[in-house]
Every structure is written in C-alpha cells, then in structure tokens.
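Chemist: predicted structure and sequence below. I'll ask about it afterward.
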Amino acid sequence: VPRRSEWGPAEPLDETFDRTGARVFVQAVPSSPGLRQRAAEEAVTALRRGIHVVTATKSHLLTHWRALDEAAGAGGGMIRISGATGAALPAGDLARASLRGLDCRTIRACPNGTAT
C-alpha cells in the first residue's frame, strides 16, 4: 500500500465496482452527519447492483432504511448490520434473519443503548 501522501482522489464507486467485480461492499466509516448521506448513497449503489453490504456505520441505517431495503430488493443484494453495535441494531439483524418462519407481523419495543 502506498504511503498516504501518495494517494490520489478516489475513483467513482461505480468504476471501482466495475473494475474489481466486487461481490461484497464493507463500510466502516464514522457515523457523522456529514457522512450520513454519502454512506447511504454508497450502500444503495452497491445494493442496486446486487452487491452485498456489510456495514458498521449506524447513522444511515436509521435515516435511510427504506431506501436501503428497496435497493436490496431491486438488486438482489443483502445488507448485514450486526457490526453496527449501537442501540438495538444487532437485534434487527437477528429479527430479519432468524424470525422469518414465525407468524409475527409486528414487534413493539423501546430499546435503548444498553439493552438490546
């Protein structure tokens, strides 16, 4: 890996996906308001292309969940969020993956940052 001082601007994400043939896109960027929209756009881009997303970035999971879910459905990609260990997010992955066979249509809860 070249020294950071030798790095150039990043190429557009679509070009990176085309060049690498990526099948999984991993996000591990800070959950800050300035990065929230970009993180959401990157994840949606990957999911629409059928690229699976694994993220540890919390902010866009809360603010853009519908767009992420729609992109995953349209492209056939999956999103895994257990790495985003804040609040009840790991419980969301568990509920989406493990409880599909139950005839439960609604879950109501009041999770907080210490009890998931």
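Modeler: Good, I have the coordinates.
Chemist: so which bits of the helix or strand containing residue 16 are buried?
Modeler: Using DSSP states H and E, the element containing residue 16 is helix 13-20. Within helix 13-20, the residues scored as buried using 16 or more other Cβ atoms under 10 Å are 13, 17. Every C-beta, even on glycine, is put in place using the N, C-alpha and C of the backbone.
Chemist: list of residues touching that helix?
Modeler: 10, 11, 22, 25, 42, 45, 46, 49, 51 (Cβ atoms under 8 Å, 6 or more residues apart in numbering).
Chemist: following element in sequence after that helix, please.
Modeler: Remark: after helix 13-20, the chain's next helix or strand is strand 24-27, criterion DSSP H and E.
Chemist: which parts of whichever helix or strand comes after that following strand are buried?
Modeler: Downstream of strand 24-27, the next assigned helix or strand under DSSP H and E is helix 33-48. Across helix 33-48, burial judged by 16+ other Cβ under 10 Å covers 35, 36, 39, 40, 42, 43, 44, 45, 46, 47, 48.
Chemist: now do helix 33-48: which elements does it pack against?
Modeler: helix 13-20, strand 24-27, strand 52-55, helix 59-63, helix 65-75 (3 or more Cβ pairs under 8 Å, 6 or more residues apart in numbering; DSSP states H and E).
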